[in-house]
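J.: coords please:
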Amino acid sequence: MSDEADRHLDALPGERVASYALTGRRDTDYYGVFADVDDEDRAAWDRARAFVDEVGERMQHAWDTATYPLDLVRRMGELDLFVDGIDHPELTRITPLGAGLVTMEISRGDGSLGTAHAVQGGLALRTLALFGSPAQQERWLRPLAAGEVLGAFALTEPDHGSDSVSLETVARREGDEWVLRGAKKWIGNGASGGITFVWARVDDEGDELHGAVRCFLVEQDRPGYTGTVIAGKASLRGIHQAHVALRDVRLPADAVLEGTRSFRDASTVLYATRSGVAWSALGHATACYEAAVTYAGERMQFGRPLARSQMVQERLAQMLDELTAMQLYCRRLADLETSGGLRPTQASLAKYHNTRAARRIAQIARDLLGGNGILLENGVMQHMTDIEAIHTYEGTESVQALLLGRDITGVGAFA
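T.: The predicted model follows:
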């Protein structure tokens, strides 16, 4: 029996439809923005599509219970979904467009998985690929890409979010060892038993880089490393993010990533993932819009489907307007990155626009679904709350506005 028949079986008076199937894909692309994707990129996109279709119900349960299914993170590695357009001879090469479509699709399925994907690939794997020594890459690159080892990126601190350049975690030299001391917060995979790329300030007056920010590869079973899962989240509940305490963690001299010399290196990683946030917002918004379109066609009120209401059609048109603009932003980002012409503030503008637009689309979709909009099974409320997290991370709305304002006027206004 079909799902449609199941939903109408033994209908009682007042309950013609017992539930709605709103999480299916409608492949919305009104302007054909992604019609010319090449075969290799489409293959990666198709793997992501098949993956999220396979795990959708399980991730709804994980979100509801605030559990983190690490086997699904590893499954993304098996499907080679972490490479994120990173240019490295040991990694499968896909274009920035292909990487963006994978990010979009995973977030369309589930925001927690989208964040796990961003942490493992966009942050941890990219950090190692860009700045790790040959020995570090030989040991860790393939295991990270394959999801065999989970990776974390530890920059944000409890006292330093938007002003992360002011980080206070320190790395001092003692003989032939580094000793790390400090705290980090909101660290995805930071308590998952893998490795953490910790950004710290060198505290060694005899070192030429005294005071500079460098990155250190820390195995999470090192004495002094404690990752505590942050409880009570109302967003991204299906991924564990950690408060990390570094209490005199001793590391060998070669634990430092030799390519990191300043905070600018951390920014290089963040610029790339900022583009990813724009794509992730597009995935969330697509899910909300498509749920609303499906619901409008199925939901009967006042003797007719919602889709026959002028007000509903106007709202759907407004959502499509926003969604198409988001797609155009993302496509242009990918084209600029492919040509080597993408500037950091262009990524900021895309992130600024797309997370704001995703918020608006989610709000309209939730309102259009009425009471059914708050049910997890219908997807919209889960996406709506997850959008709140991506609206903040990789730089808040205010920080993006200040970056853009400085670029527009030539005057910094951060203080």
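
J.: Name the residues of stretch 170-180 that are buried.
T.: For stretch 170-180, the buried set under the neighbour-count rule, 16 or more other Cβ atoms under 10 Å, comprises Ala171, Arg172, Arg173, Trp178, Val179, Leu180. Just so you know, the C-beta spots here come from the backbone N, C-alpha and C atoms, and that holds for glycine as well.

J.: Let me have the residues you listed in TSV, extended by distance to Gly370, pLDDT and secondary structure.
T.: Rendered in TSV, the data for the buried residues of stretch 170-180 read as follows (distance: Cβ to Cβ, whole Å; pLDDT from 0 to 100; DSSP: H, G, I helix; E, B strand; the rest coil):
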residue	distance to Gly370	pLDDT	secondary structure
Ala171	54	96	strand
Arg172	58	95	strand
Arg173	62	92	strand
Trp178	57	96	strand
Val179	57	97	strand
Leu180	51	98	strand
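
J.: Farthest pair within these?
T.: When Cβ to Cβ is used, the two most widely separated members of the buried residues of stretch 170-180 are Arg173 and Leu180, lying 11.2 Å apart.

J.: what touches both of the two?
T.: Taking Cβ atoms under 8 Å, 6 or more residues apart in numbering as the contact definition, Arg173 and Leu180 share no neighbouring residue.

J.: For the chain, which residue occupies the most central location?
T.: In the chain, the C-alpha closest to the average C-alpha coordinate belongs to Thr115, at a distance of 3.4 Å (Cα atoms, centre = their mean).

J.: check contacts around that residue.
T.: For Thr115, the residues meeting the contact criterion (Cβ under 8 Å, 6+ apart) are Gly188, Leu236, Ile239, Ser280, Ala389, Ile390.

J.: make it 10 Å
T.: Under the criterion of Cβ atoms under 10 Å, 6 or more residues apart in numbering, the contact list for Thr115 reads 106-107, 122, 188-189, 235-236, 238-239, 241, 277, 280, 386, 389-390, 393.

J.: Met326 too?
T.: Residues counted as contacts of Met326 (Cβ under 10 Å, 6+ apart) are 33, 104, 278-279, 281-286, 289, 350, 353-358, 361.

J.: Roughly how far does it sit from Ala281?
T.: Computed with Cβ to Cβ, to the nearest Å, the distance linking Met326 and Ala281 is 7 Å.

J.: Give me the common contacts of the two.
T.: Contact criterion Cβ under 10 Å, 6+ apart; residues shared by Met326 and Ala281: Met104, Ala350, His353, Asn354, Thr355, Arg356, Ala357, Ala358, Ile361.

J.: Quickly check these for the two that are furthest apart.
T.: In the shared contacts of Met326 and Ala281, two members sit farther apart than any others by Cβ to Cβ. They are Met104 and Arg356, at 17.0 Å.

J.: Compare the two and say which is more crowded by neighbours.
T.: Taking neighbours as other Cβ atoms under 10 Å, Met104 and Arg356 compare with Met104 leading, 27 against 17.

J.: what's the spacing between that one and Ala278?
T.: Met104 is 9 Å from Ala278, where distance means Cβ to Cβ.

J.: so what sits against both of these two?
T.: Both Met104 and Ala278 are in contact with Met326, Cys330, where contact means Cβ under 10 Å, 6+ apart.

J.: In strands, which of the contacts of Thr115 fall?
T.: Applying DSSP state E to these, the entries found in strands are Gly188, Gln241.

J.: Where is pLDDT lowest across the contacts of Thr115?
T.: Least confident entry in those, by pLDDT: Tyr393, with 88.

J.: which phi and psi does that one have?
T.: With angles defined as degrees, to the nearest 10, Tyr393 shows backbone torsions of phi -80, psi 160.

J.: Show me the domain layout of the protein.
T.: Dividing the chain into domains by automatic domain parsing, as the record does, gives the ranges 21-145, 151-261, 264-409.

J.: Just put the ones you listed in JSON lines and tack on distance to Pro13.
T.: Rendered in JSON lines, the data for the domains of the chain read as follows (distance: least, Cβ to Cβ, whole Å):
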{"stretch": "domain 21-145", "distance to Pro13": "22"}
{"stretch": "domain 151-261", "distance to Pro13": "37"}
{"stretch": "domain 264-409", "distance to Pro13": "14"}
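
J.: so which of those domains gets nearest Leu12?
T.: The closest of these to Leu12 is domain 264-409. By Cβ to Cβ, the value is 15.2 Å.

J.: How far off centre is the closest one?
T.: How far domain 264-409 lies from its chain's middle: 13 Å, per Cα atoms, centre = their mean, to the nearest Å.

J.: Measure how buried Leu342 is and give me the count.
T.: By the measure other Cβ under 10 Å, the count of residues near Leu342 is 20.

J.: got the contact list for the residue nearest to it when sequence neighbours are not counted?
T.: Across the structure, with Cβ to Cβ, 6 or more residues apart in numbering as the measure, the residue nearest Leu342 apart from its sequence neighbours is Leu336 (4.0 Å). Applying Cβ under 10 Å, 6+ apart, we find Leu336 in contact with Pro96, Ser275, Leu342, Arg343, Gln346, Ala347, Ala350.
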